[in-house]
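Q: have a look; sequence and predicted model below, questions after that.
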Amino acid sequence: MSEDVHALVGAYALDALDDLERMAFSRHLRECEPCRVEAAELQETVTRLADGAWSVPPPSLRDSVLAEIATTRQIAPAGPEQSRRNPKPRRLRLVAAAAAVVAVVGAGAAVWTVQDQRVRQAETLAEQARTSESRLRSILAAPDLVVREQRLTSGGRVTMAMSRLRDAGVVTLVADGAPGSDRVYQLWTIHGETPSSAGAMAVGQSTMVQVVEGLSGTSAIGVTVEPAPGSTTPTSPADALLKII
Amino acid sequence: MAERGMSGRPEYLTPVPEPRREPDAGALLRAVARGDEQAFGKLYDLVAPRVYGLIRRVLRDPAQAEEVAQEVMVEVWRSAARFDPERGSPTAWVFTIAHRRAVDRVRAEQAATDRTIRAGAAAVDTPYDAVADEVTGRLERQQVRHCLDDLTELQRQAVTLAYYQGHTYPQVSELLKVPLATVKTRMRDGLIRLRDCLESGVAA
């Protein structure tokens, strides 16, 4: 039984438990010292995954945070009544847990339908994605991978990670925002002087990842803002131009 | 030492939990717990790019990410005194708060549906938004990436779908069409393998 519960330690470290299970698992941890050690170790590992998600926050965030903490009271260190050395009588704890369960179920019911739908839609996307993912991984894993980056005039950046060995590249476009209700970002590969479309985003979309096959002959990657759903040739000046030769 | 195998790494080189480039996160956090606003500013500069980046990655919406990142940093200020160094490193504590907040938001959020569709609709080539950062943050996280690549396909997908997209393990099970028990196991042994790989690569 306990081993059964403990199998969730990975999911716990990844925050992949729902609120009820998270509570149950935290209870389990309180009663099991080696489990606490393993959970802490795995959480430490999971933290390293955050290293890669590095992204410069907007400068205004710093000011807002500092302004808010100036007027925010800090809570005191955990007193003895918080400590696990001094658990409340068991029956009382059960009552507290039951109350929490009721509260969570109430909140949970409202989002359940949405969640369910989200899973199904995500499933379809994941299926489409699986085919191209291995190609993408193989490009990104290439030993001769070169990464170039360029700012978008409209705010954001376009990055090209390319490999001569794979004769392909992965273009990542991350804009600060979508360009408007009837405009979209479009990606172009430029051969000599001739641009050809490498895909357009949907209205409202501000990020995309695209695999570009066949690097030979491609001299640059361009980004423009086009009327939805995209144009056959660029109709506006380049928002970004990333030379790759 | 024998179990270190090929790496031959002496026992005393066992990595400390704190990456070398941030030696004083613990000292800063202790000062913050005493109400030192200047120390908080320094701590902010140290962790904010990763806090914001992580939240943005899970939520995929810069405006919301900014809002949640602010909540998280204020929470760090508020509860700094509750940080217990015996339970993990200061940065792990901060990022755990950040990740949990992001995940809570993404799960509670109605717009989650739209976001998933939006992110995938135009570009069938977009497996995960994770890839976007995988490219741009490549240099910073070569080691993490290398170690992720070292996992089995299923381990990697289970770990990244949960961590970078905020899915619960039943959702991951459904997405990957593998039994619940398998997902649980893969998350656990995937993280163990990741941990071992990251440790052995500290010298690299």
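A: Thanks, I have the structure now.

Q: every contact and neighbour count from this point should use C-alpha atoms.
A: Will do.

Q: secondary structure class for residue A:221?
A: Three-state call for residue A:221 (DSSP: H, G, I helix; E, B strand; the rest coil): strand.

Q: any idea how far it is from chain B?
A: Distance of residue A:221 to chain B, given as C-alpha to the nearest C-alpha, to the nearest Å: 16 Å.

Q: how many residues are close by that residue?
A: Burial measure for residue A:221: 25 neighbouring residues, criterion other C-alpha atoms under 10 Å in any protein chain shown.

Q: ok, now residue A:177?
A: Around residue A:177 there are 16 other residues, counting by other C-alpha under 10 Å.

Q: per-residue confidence at it?
A: Taken from the predicted model, the pLDDT recorded for residue A:177 is 82.

Q: for it, what are its contacts?
A: Each residue near residue A:177 by C-alpha atoms under 8 Å, 6 or more residues apart in numbering or on different chains is listed here: A:155, A:205-206.

Q: could you rerun that using 7 Å?
A: By C-alpha atoms under 7 Å, 6 or more residues apart in numbering or on different chains, the residues touching residue A:177 are residue A:206.

Q: where does it fall, phi/psi-wise?
A: Dihedral angles phi and psi of residue A:177 (degrees, to the nearest 10) take the values phi -160, psi 170.

Q: in three-state terms, label residue 166 for me.
A: As the question left the chain open, I've gone with chain A. Three-state call for residue A:166 (three-state DSSP): coil.

Q: nope, chain B
A: When states are read from three-state DSSP, the local structure at residue B:166 comes out as coil.

Q: tell me how many other residues crowd residue A:33.
A: As a burial measure, the neighbour count of residue A:33 was computed by other C-alpha under 10 Å and equals 11.

Q: please report how far the residue most central in space within chain A lies from chain B.
A: The residue at the geometric middle of chain A, judged as the C-alpha nearest the mean C-alpha position with C-alpha atoms, centre = their mean, is residue A:53 (7.9 Å). The span separating residue A:53 from chain B equals 5 Å under the rule C-alpha to the nearest C-alpha.

Q: residues contacting that residue?
A: B:50, B:53-54, B:57, B:133.

Q: now the helices: where do they sit in chain A?
A: Taking DSSP state H as the test, the helices found in chain A are A:2-6, A:9-13, A:19-30, A:33-51, A:59-70, A:90-140.

Q: by mean pLDDT, show me the worst of these.
A: What stands lowest among these, in mean pLDDT terms, is helix A:90-140, with a mean of 49.

Q: ok, residue B:177 - how many residues close by?
A: 11.

Q: gap between it and residue B:153?
A: Distance of residue B:177 to residue B:153, computed by C-alpha to C-alpha, to the nearest Å: 13 Å.
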